[in-house]
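**Q** Predicted model, plus sequence, below.
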Amino acid sequence: MSNSIYSKNRMLYNYSQSESVKVVPTDLQQIPFDDQSYEEGQTMTITLSTGDYFVDPEKSYIQVSVGIVGNGTNPLAVNFGRGSCANLFGGCRIFHKSGTQITHNVNLDLWTKAKQRVEKDGFWFNSQGLIQGYLAEPTEAGQFFWSSTSTTPEVRNFKIKLADLHPFFRGTDRKIIPPQVADGLRLELDLNTSGRVFFINPVVVPSSPIVSWNVSSCSLQTALVDVQDQAVDFLNDVSIARGLQWEFNDVFVTTVTVGDTENDFNIPVEKAVRKAQNVITFFRDRSGDSNTGFDSHVFQPQPDAKWNYRIGNILYPYKRAITDPIDSYTVCVDSFEWEFGTNITYNEFNAYNSLYTTLLRTEDQLLSSGDFLNANKRIELQFSKSATNTLLGHSCLEYRKMLTVNGTNSKVED
């Protein structure tokens, strides 16, 4: 067997001599968005101009200044709720320079927040997450970014790592992005309405004091990596001869409305893919999108819920339905612990979210494994709950895709 097989199974114990083809680890380049100011509901657009350099998505950040105008009477007391500045971006489209659409996502902000709540630990939320816009206890008095009563915009700056914005940029093995993929890449981000973005603390303000808001000083802080000429020549030869492949995960979000008395139902995920990686499902109050006084990004708790995922006749997880909340927690930990570490606690999991998640990879847990789905083999969440408010149910399928590029053309395979 090759060393890569042992490496993927975490059984490679040979010491490797350090080798490098990097000339400059990182060199920052500030790429402005097409416009420097955007209002709610508009689309932010940017085209990467990175030339022959590679891009490190772990050290590259989208940077925005968010300005909110108050009514001059009430304090703003505004933050991002249980989310972050990722709340800003509801829709996301990425295009290769050849014109090929790589991905088109809706409700990406909800998936980003759900994914980060599962994967990230407390240290991340207090450091990296704070720069992105997370607060420890956003519903408490004093926990807000915007507080002014002035009719002059109060501006706060936030950054979100490119690798955390969309899984396309992270790739499957967290590689740096080659110039054949990065240069000329076009990114379009649809700004949400204020009800999807902001939370107004009801402890401080009884009604909405927001008159208007916008984002400005929009730029991409790109970490460029220079490599030896031989490495560039090799990749160019590979790209021209058989195509350079960039493997990544994408997200497909299914949304259904669940009535207050609708207690037994399915949320089908009807997406044919070659490798389904995992599914995260959560519920929100339907009224949250239009009400800035309501934290629409707190996922609704479901007491006494029973659930499982089904693919064909196979039940996930544990080949049975989950009836105890602590089992739901252990499924979540089992799904992500091996890759990300044990980052969540049982109390945090229950208090912040009701996330129903399961791993759809095969039992060897290799990153390249997954379940094949076609038209006759779809994923269904089978769910039973007690009566509650009318909800929006979101099922987020994370699945593997492949972008193949050569000198002039590109194609995407699900």
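**A** All right, it came through fine.
**Q** What average pLDDT does the helix or strand where V64 lies get?
**A** Assigned by DSSP states H and E, V64 belongs to strand 61-70. On average, the pLDDT along strand 61-70 is 96.
**Q** any idea how far the closest residue to D327 other than its chain neighbours is from R284?
**A** Once flanking residues are discounted, D327 sits nearest to Y318: 7.9 Å by CB to CB, 6 or more residues apart in numbering. Backbone N, C-alpha and C define where each C-beta goes, glycine included. Going from Y318 to R284 by CB to CB, to the nearest Å gives 27 Å.
**Q** If you count surrounding residues, which of these two has more?
**A** When neighbours are counted by other CB atoms under 10 Å, Y318 and R284 differ, and R284 comes out ahead with 21 against 13.
**Q** contacting residues around S368?
**A** K8, T172, K275, R400 (CB atoms under 8 Å, 6 or more residues apart in numbering).
**Q** any weak-confidence spans in the stretch 151-300 of the chain?
**A** Along the stretch 151-300 of the chain, segments meeting pLDDT under 70 span 288-298.
**Q** and with 90 instead?
**A** 172-175, 193-196, 199-210, 226-245, 257-265, 270, 277-278, 282-300 (pLDDT under 90).
**Q** now the helices: where do they sit in it?
**A** 162-165, 167-170, 179-182, 194-197, 229-242 (DSSP state H, counting those that start in this stretch).
**Q** for the longest one, which positions count as buried?
**A** I take that to be helix 229-242. Buried positions in helix 229-242, judged by neighbour count with 16 or more other CB atoms under 10 Å: V232, L235, N236, S239.
**Q** Which residues are in contact with the nearest residue to I94 once chain neighbours are set aside?
**A** Among residues not flanking I94 along the chain, I102 sits closest, at 4.4 Å (CB to CB, 6+ apart). By CB under 8 Å, 6+ apart, the contact set of I102 is I94, F95, H96, F168, K401, L403, V412.
**Q** partner residues bridging the fifth one?
**A** Here K401 sits in beta bridges with F248, going by DSSP bridges.
**Q** The residue of the chain positioned farthest from its centre: what secondary structure?
**A** Taking CA atoms, centre = their mean, the residue of the chain most remote from its mean C-alpha position is T73, at 36.3 Å. Following DSSP: H, G, I helix; E, B strand; the rest coil, the label given to T73 is coil.
**Q** residues in contact with it?
**A** T149, P209.
**Q** Could you rerun that using 7 Å?
**A** For T73, the contact set (CB atoms under 7 Å, 6 or more residues apart in numbering) comprises T149.
**Q** same thing with T47?
**A** G184, R186.
**Q** what sits opposite it in the beta ladder?
**A** Applying DSSP bridges, one finds that T47 bridges with R186.
**Q** per-residue confidence at it?
**A** pLDDT, read off for T47, is 97.
**Q** And it, how far from V251?
**A** Applying CB to CB to T47 and V251 gives a distance of 23 Å.
**Q** Just give me the neighbour total for the closest residue to R156 other than its chain neighbours.
**A** Counting by CB to CB, 6+ apart, R156 lies nearest to F145, which is 4.9 Å off, once chain neighbours are set aside. Residues lying near F145 (other CB under 10 Å) number 19.
**Q** What about F145? Give its phi and psi, please.
**A** As for F145, its main-chain torsions (degrees, to the nearest 10) stand at phi -90, psi -40.
**Q** That one against E154, yeah?
**A** No - judged on CB atoms under 7 Å, F145 makes no contact with E154 at a distance of 8.7 Å.
**Q** Burial check on the residue nearest to N263 when sequence neighbours are not counted, number of neighbours?
**A** Distances taken as CB to CB, 6+ apart place K385 nearest to N263, at 5.5 Å, with adjacent residues excluded. K385 has 20 neighbours, counted by other CB under 10 Å.
**Q** What's the per-residue pLDDT of K385 here?
**A** The model's pLDDT for K385 equals 80.
**Q** Identify the single longest strand in this protein, thanks.
**A** Among the segments of the chain that qualify as a strand by DSSP state E, the longest is strand 210-227.
**Q** Now do that one against strand 61-70, angle only.
**A** Strand 210-227 and strand 61-70 are oriented at 170 degrees to each other (axes from the mean of the first three to the mean of the last three CA atoms, to 10 degrees).
**Q** Just confirm T281 contacts E398, I think it does.
**A** No - counting by CB under 7 Å, T281 does not reach E398; the two are 12.0 Å apart.
**Q** So these two - more neighbours on which side?
**A** Using other CB under 10 Å as the criterion, T281 and E398 rank with T281 on top: 24 against 21.
**Q** Report the beta-bridge partners for that one.
**A** Bridge pairing for T281 - DSSP bridges - gives Y356, S395.
**Q** Distance check, F169 against N105.
**A** Applying CB to CB, the value for F169 to N105 is 13 Å.
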